[in-house]
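Student: Predicted model follows, preceded by the sequence.
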Amino acid sequence: MTASIAISAVRKSYVSRGREILALDRVDLDIAEGEFVAFVGPSGCGKSTLMNMIAGILSTEEGRITHEGKPVNGINRNVGYMTQQDAVLPWRTVAENVALPLRFHGMGAAARAARVTEMLAAVGLEGFGRSFPAELSGGMRKRVALAQLLAYEPRTLLMDEPFGALDAQLKLVMQEQLLAIWRARRQTVVFVTHDLAEAVTLAQRVVVFSGRPGRIKQIETVALPEERDVFRVRFLPEFEVAYTRLWEALAPEIQRGAAA
Ligand SMILES: Nc1ncnc2c1ncn2[C@@H]1O[C@H](COP(=O)(O)OP(=O)(O)O)[C@@H](O)[C@H]1O
Ligand SMILES: [Mg+2]
């Protein structure tokens, strides 16, 4: 098993108003190439901080992170990163938005146009290239962000609560789309969510973080097949087993956070 992302002994603290906040401590985790891993944990446990460090936007304070065998040192251009606030620009058309990362990667206009068409088809938005984001529904805008994320075909996708703002049904549609894309392309996926059902529905492994300082509390392998029916998987016994075990690990952390 080749590690795509290797996180070892990572620690990160922030200084805020003269006070040090230890956000993450002693985090060790290997994520295999092509693996789909979900991160869950109470709000403020450092999930976004860890994603930012894998993306190279933040540096580690102690420990190290390697991606595809190389230490992450500065912006990591070999990952696609979808943050909590999607980066769709309202004054650009859908096609221009999807093409943006390709321009940064220096791809020529003809190749860009072909790739944009392909990516819009992959997310079910064929024919919407000339629309502006404001003309689309919330779910369609998420698809634009997804197409943008996939456009330069990163082998690793970092997704931080990407579907958090969507209603429950639309979320399922997006989950199904994402799993179909993952099965076809086999990227390594790190997916942060506060929705435990979403984590179990999508991931092969779910990592539970404890409340501040964030540490890995539990890792659960989900015994569901890769070929999953997102709309019905919750009724399978394997789902229930994983969900229950994870909830037992997660619930005290949420309660502790609420009391603090
Ligand atoms: N730029 C920052 N300055 C100071 N504190 C921060 C900063 N970013 C995050 N934190 C703190 O670090 C902790 C972890 O934050 P974050 O990684 O956003 O958690 P999560 O994504 O799990 O909700 C929180 O307590 C948060 O307040
Ligand atoms: Mg966050």
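Tutor: Looks like it came in fine. Numbering: from 1, shown residues only. Ligands and ions are numbered 1, 2, ... in the order given.

Student: what residues does the protein put near ligand 1?
Tutor: 14, 16, 21, 23, 41, 43-49, 212 (C-beta under 6 Å from any ligand atom). Quick note: C-beta positions are derived from backbone N, CA and C, even for glycine.

Student: and the gap between the most centrally placed residue in the chain and Gln204?
Tutor: The centroid of the chain falls nearest to Met159 when counting by C-alpha atoms, centre = their mean (1.9 Å). From Met159 over to Gln204 the distance is 15 Å, taken as C-beta to C-beta, to the nearest Å.

Student: next one: Leu246
Tutor: When Leu246 is compared with Gln204 (using C-beta to C-beta), they lie 13 Å apart.

Student: Which one of these two is surrounded by more residues?
Tutor: Leu246 (24 against 16; other C-beta atoms under 10 Å).

Student: Next up, the contacts around the more buried one.
Tutor: Val40, Leu196, Ala199, Val200, Val206, Val208, Gln218, Glu220 (C-beta atoms under 8 Å, 6 or more residues apart in numbering).

Student: helix, strand or coil for it?
Tutor: With DSSP: H, G, I helix; E, B strand; the rest coil as the basis, Leu246 sits in helix.

Student: distance of it from Thr93?
Tutor: Leu246 is 41 Å from Thr93, by C-beta to C-beta.

Student: mind listing what the closest residue to ligand 1 within the stretch 101-250 of the chain touches?
Tutor: Nearest residue of the stretch 101-250 of the chain to ligand 1: Arg212, at 5.5 Å (C-beta to the nearest ligand atom). Contacts for Arg212 (C-beta under 8 Å, 6+ apart) come out as Ile21, Leu22, Ala23, Gly44, Cys45, Gly46, Gly257.

Student: same thing but 7 Å
Tutor: Ala23, Gly44, Cys45 (C-beta atoms under 7 Å, 6 or more residues apart in numbering).

Student: tally of neighbours for the last one?
Tutor: Yep, that's Cys45 we're talking about. 25.

Student: Now do whichever helix or strand Ala184 is part of: everything it contacts.
Tutor: Element membership for Ala184 (DSSP states H and E) is helix 168-185. Outside helix 168-185, the residues that touch it by C-beta under 7 Å, 6+ apart are 36, 122-124, 139, 142, 150, 163, 166, 189, 198, 201-202, 226, 228, 230-231.

Student: Ok, stretch 43-61 next?
Tutor: By C-beta under 7 Å, 6+ apart, the list of residues contacting stretch 43-61 from outside reads 5, 10-13, 23-24, 27, 39, 41, 65, 67, 72-76, 79, 81, 158, 160, 190, 192, 209-212, 214, 257.

Student: Among the residues you listed, name the ones in strands.
Tutor: Among the contacts of stretch 43-61, DSSP state E puts 5, 10-13, 23-24, 27, 39, 65, 67, 79, 81, 158, 160, 190, 192, 209 in strands.

Student: List buried residues within those residues.
Tutor: Listed as buried from these are 5, 10-13, 23-24, 27, 39, 65, 67, 79, 81, 158, 160, 190, 192, 209; burial here means 16 or more other C-beta atoms under 10 Å.

Student: Below-threshold pLDDT in this protein: ranges please.
Tutor: 1, 260 (pLDDT under 70).

Student: where along it do the helices fall?
Tutor: 47-54, 94-104, 109-122, 138-150, 168-185, 196-202, 237-259 (DSSP state H).
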